[in-house]
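Participant: coords please:
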Amino acid sequence: MRTTKIVRDLDEIVDLIIDKKQVVGMFQGKGEWGPRALGNRSILFDPTNPEAKQIVNTIKKREDYRPFAGSVMLEHAPEYFEMLQLKESPWMSFAIQAKEIAYQKIPSIVHADGTCRIQTVTEEQNYNYYNLIKKMYETNGVPVVFNTSFNLGGEALVETLYDAIDTCNRSDINFLYIPEDQNIHIPYDAIKPKLTK
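Facilitator: Next up is the predicted model:
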């Protein structure tokens, strides 16, 4: 039997991502819609892991050729990407040319054409998400997190907490990060262990 562990502590979730090499779900605030996940309903991983793309594609059950995105602290975006006249990219709307440092440090989110569809993040835009990326930066020196939508292949994006827990329980996502400032009620039937085949 397995069940997903809910993590409320920032330090613990960063340790799981960086040191324990875990893929984690993030659930907070209002639901998201559209083609991108922006930190409220996201699957996160360490972008410095050269096998990250293969690992997450396997978990999500999606095609190997599809690219992944990254969320970066706004103030560090020009270090990793050719921002040119673009001041920010908060909605992950642009595929931006990666710089050499991105190839070296975050190869898993650089697409075959040398671009990455990035989201720039500020503390004002998304307090918890920014502080997660900042804590990762303080830990490993990389101000970027591997980010993809919180769903499995062919399924709709997670909306409710029940959806998030159910998606984790049916995949190899063992940890769900819900920041401490989120007021949540977890129904028992969402977290009871489920038999695995």
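Participant: how about the helices in the protein?
Facilitator: Assignment of helices within the chain using DSSP state H yields the ranges 10-18, 52-60, 77-80, 100-105, 127-140, 161-169, 188-191.
Participant: Could you point out which of those sits nearest Ala112?
Facilitator: Ala112 lies closest to helix 52-60 among these, at 10.6 Å (CB to CB). For glycine as for every other residue, the C-beta is placed from the backbone atoms N, C-alpha and C.
Participant: sorry, back to before: need the helices of the chain in JSON lines with distance to Glu155, can you?
Facilitator: As requested, those are exported to JSON lines (distance: least, CB to CB, whole Å):
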{"stretch": "helix 10-18", "distance to Glu155": "23"}
{"stretch": "helix 52-60", "distance to Glu155": "9"}
{"stretch": "helix 77-80", "distance to Glu155": "31"}
{"stretch": "helix 100-105", "distance to Glu155": "30"}
{"stretch": "helix 127-140", "distance to Glu155": "22"}
{"stretch": "helix 161-169", "distance to Glu155": "7"}
{"stretch": "helix 188-191", "distance to Glu155": "17"}
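Participant: and of the ones you listed, who's closest to Gly153?
Facilitator: Here helix 52-60 is closest among the helices of the chain (CB to CB), at 5.4 Å.
Participant: what comes into contact with that closest one?
Facilitator: Under the contact criterion CB atoms under 8 Å, 6 or more residues apart in numbering, helix 52-60 has outside partners 23, 43, 45-46, 49, 63-64, 66, 68, 108-109, 146, 148, 151-153, 171-173.
Participant: 10 Å instead?
Facilitator: 21, 23, 43-47, 49, 51, 62-68, 106-111, 146, 148-155, 167, 171-173 (CB atoms under 10 Å, 6 or more residues apart in numbering).
Participant: ok so, going back, any idea which of the helices of the chain gets closest to Thr4?
Facilitator: helix 161-169 (3.8 Å).
Participant: picking up where we left off before, buried subset of the contacts of helix 52-60?
Facilitator: In terms of neighbour count (16 or more other CB atoms under 10 Å), the buried residues within these are 23, 43-47, 49, 67-68, 106-111, 146, 148-152, 167, 171, 173.
Participant: The residues you listed in strands, which ones?
Facilitator: Per DSSP state E, strands hold the following members of the buried ones among the contacts of helix 52-60: Ile43, Leu44, Phe45, Phe146, Thr148, Ser149.
Participant: Which of the residues you listed sits closest to Gln28?
Facilitator: Leu44 (11.9 Å).
Participant: Against Phe81, how distant is Pro143?
Facilitator: Distance from Pro143 to Phe81, counting by CB to CB, to the nearest Å: 11 Å.
Participant: Right, I'll leave it there.
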